[in-house]
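>>> Provided below are the primary sequence and the corresponding predicted coordinates.
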Amino acid sequence: MRFIFAVSLCLLQCFVYAQEKHLPAIKLTLPVVVDGNLDDEAWKNLPAATDFITYSPHAGAPSRHRTEVKIAYDDNAVYIGAYLYGNPSGIRKQITARDVTDRQDADVFTLGFDTYLDRQNAFLFKVTAAGVQADAKGAQNNATVFDYTWDAVWESKVSIKADGWVAEIKIPFSAIRISKNAVQSWGLNFARFQRTDNEVSIWSPETPEVNGDINQWGTWDSLRNIKSPPRLSFLPYISGGVRVSPTANGDVKETLKSGGMDVKYGVSKSFTLDMTLIPDFAQVQSDNQLLNLTPFEIKFDDYRPFFTEGTELFNKAGIFYSRRIGAAPTGSLDVLNNYGNSPYYRIDKNPGITKLYNATKISGRTKENLGIGVFNAITAPMYAKVTNLAAGTDSTILTEPLANYNIIVLDQALKNRSTISFTNTNVLRKGNTRNANVGSVDLSLFDKKNVYNVILSGKLSNIWGNTINKTGYNANAGFAKVSGLLQYRGLVVVKSDQYDPNDMGYLLSNNSIDYTGKISYNLLRPYKCFNSRVYTLSFDNAFLYKPNTWTSLTATAKAFFLFRNYWDVTGTLITSPMWSNDYFINSTVYNGYFLRRKPYYKFSVDGSSDSRKKLYFNYSLAAAESPLPDDFYWSGEAGLRYRVNDKFQFSADMALEHDNGNWGWAFVNNTNGSPIIARRVVKTNTGIFSGQYNFNNRMNWTVRIRHYWSILDNTNFYDLKEDGNLNDRAFIPGKNINYNTFNIDMFYTWDFLLGSRITVAWKNALGTNVNISPYMYATYVKNLGQALSNPHSNEVSVKIVYYLDYLKLKGKRS
């Protein structure tokens, strides 16, 4: 009998999963007032989406919480009314900042639209029981990625009832993109997150073992004759403040003042034009600077809204790194090196960022589901000013020429989630100093059952200018099983020695051939004490492209466990089991030298506690060893977050790292030009404290304090031989490093109207000309004391952004 019951239950769940849900699209004839109460006459006769199915933790089971959702539309917007039944005492209502819902103590209602029904692209809207909004644009190919930097202007209200809570939402067509078809159907899904038991329930069932989310959504059938009004909005801004920067000759005060405007225009129902004029990006979080002992560039996140919102199409080929636009002028470092320490010159001006004149992007999809995107930005020429103290004359030095950055993307959606796309990036600089063009063709094919995936990609780069002309290529080919308990992937990546996408993209190094493989066993259903388990094995076998020679082999084994009490733990073993060859010891371009790297074994364990609790913590421990004597490595990290109440929470994180055998390039031998290699002990501490106080769901205060300290102690120096081995050489004193960064970022934000915001910011940073002795201040407390007592830069600014909608302006005038 038990066997029959188990088989019946399994068949029932398979039947439920096989049913794609449909909901008829009904056009309203009566108005809806968004007030958090579903008492408008328009709601009464609409069919409701019910019978939600659990997605996690017990996938496929009926939800324990009753949910009813109604949806309709008119020529202006889509309206959603959700009644989420439950005991009011169990409704979690923590107030957070916009777009912050993950691991927070709040119940959440979510809805998603796939407006082209291509099963690949979507808009996501969330509202919590505290009325906090979150929104994102989703793009799905090998995995689903939701971009929460995208912010739309839409309305929502919530209310707590005697038997649950209500979310009422209005999403204007101006906030999304739709097709031109007179009759159209959308992909649709609703989800509810109940924080007390961590249950996620959804309207249209999704199978966890099946690759992708959007492709498993239901359908909203037959929206007809949408006569959406013009989509035009303006975001003018003004900002002002003061910056005080310490220098060797005293503090330099600078008045900050700016004004500009963002424009968003719906060229059609499907295409949107975004433009920013004289943008101001001062009020963004500081970069996490660190001591870089490699020749490779550090990749920083971009916090500038224009370059992060709605750029998923431009990132399709992976050759767009938005921080290239408005980066530090390429000649500013030369000015510092040539004149900064000279007693005969004074640097009066040397800008650290390149100003932007304007930037424009237009993107959308045709009714044949061809995605088209065009991005263009123009940066200003930048100049440094230097005074010859002896002659009393000034010199102006060009550090960055006038430049134009451009991207064009064509992305055709095919059947079964498949796509083919073409991307081209182009950078032109005045004076023909260095120009760049990169083209990419990317193909991703899925079978009808969404089990197997083939990817093919080819990229061609060309760099040209007065003194340079080179062409290179990058080719990828891969095959994967993407659904089921057992999944695997194999990939070959070839990058020629002349391939260079870095004028507008990001690449650590070229000149390589990589063979990678990965296999995973995914147990995503509850079993005994586990909610889910994932076991993964992967490897990377790397070769140099030119000359064609083997470089390294790395293997990784990983096991992830999520327990029923919502604690999780991950164990990872990484090994490079044989001596490898490092051909990029002091340059991203192979220059004839290589260093033999030791084999190693590294084990780590990390995890976290139940985030529903007031006190939540996460941890990470790692240790590594090699055959060399006294070569032990260890690291540890601990983080705590405490939720004082529904408005205030704070967190602290401390990470420690100790590498007793860090080997790498130190400097160049002046006699023969060969690299000198150092063995060093590197100790790194990173401390971060943050706090958030939310006055209400539209006003908050945040602070983030970060101190990074890395101390490098050289123990031995060696001459590098041609075979990659080392010869001892005399110790060279005075080469130790004590590197510190310290930042405070504090922001007060008030969304005083829909789309309108006031931001007050204070940014504090340790000065750039800081030299803390690695010998006198080698302990953390002494070093921190010196970091705090050294001069700091300070910046205080206020920015006001006001949202103007063309239709409302037109209505007021009439």
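Okay, I see it.

>>> any idea which residue is closest to the centre of this protein?
To find the centre residue of the chain, average its C-alpha atoms and take the closest one (CA atoms, centre = their mean): that gives D301, at 6.6 Å.

>>> beyond the helix or strand of the chain with the lowest mean pLDDT, next helix or strand please.
Among the helical and strand segments of the chain, the one scoring lowest on mean pLDDT, DSSP states H and E is helix 2-18, with a mean of 42. Heading C-terminal from helix 2-18, the first helix or strand you meet, by DSSP states H and E, is strand 22-24.

>>> given that next one, what are its sheet partners and their directions?
Taking DSSP bridges as the criterion, strand 22-24 forms sheet pairs with strand 218-224 (parallel).

>>> SS state for the nearest residue to Y739 once chain neighbours are set aside?
Spatial nearest neighbour of Y739, chain neighbours left out: L291 (4.2 Å); criterion: CB to CB, 6 or more residues apart in numbering. Just so you know, the C-beta spots here come from the backbone N, C-alpha and C atoms, and that holds for glycine as well. Going by DSSP: H, G, I helix; E, B strand; the rest coil, the secondary structure assigned to L291 is coil.

>>> contact partners for L291?
Residues counted as contacts of L291 (CB atoms under 8 Å, 6 or more residues apart in numbering) are T684, Y708, S710, L712, I737, Y739.

>>> buried ones among the residues you listed?
Buried subset of these (neighbour count, 16 or more other CB atoms under 10 Å): T684, Y708, S710, L712, Y739.

>>> from memory the fourth one sits against R679, does it?
Looking back up the chat, that one is L712. No - at 11.0 Å, L712 and R679 do not qualify as touching, with contact defined as CB atoms under 8 Å.

>>> which residues are common contacts for these two?
Between them, L712 and R679 have N662 as joint contacts when contacts are counted by CB under 8 Å, 6+ apart.

>>> picking up where we left off before, quick check, nearest of the contacts of L291 to G112?
Using CB to CB, Y708 is the member of the contacts of L291 that sits closest to G112, with 38.6 Å.

>>> and T29, which of the three is it?
coil.

>>> how near is it to F617?
Plainly put, T29 is 54 Å away from F617 if you go by CB to CB, to the nearest Å.

>>> more neighbours, the two?
Applying other CB atoms under 10 Å to T29 and F617 shows that F617 carries more neighbours, namely 18 against 9.

>>> for that one, give me its contacts.
Residues in contact with F617, defined by CB under 8 Å, 6+ apart, are S608, S609, A638, G639, L640, R641.

>>> can you redo the residues you listed as JSON lines with secondary structure?
Output for the contacts of F617, formatted as JSON lines (three-state DSSP):
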{"residue": "S608", "secondary structure": "strand"}
{"residue": "S609", "secondary structure": "coil"}
{"residue": "A638", "secondary structure": "strand"}
{"residue": "G639", "secondary structure": "strand"}
{"residue": "L640", "secondary structure": "strand"}
{"residue": "R641", "secondary structure": "strand"}
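
>>> list just the nearest of those to A134.
When those are compared for distance to A134, the smallest value, 18.9 Å, is given by R641; criterion: CB to CB.

>>> do you know the pLDDT at L84?
Among the per-residue scores, L84 holds a pLDDT of 97.

>>> in which helix or strand does it reside?
Element membership for L84 (DSSP H and E) is strand 77-85.
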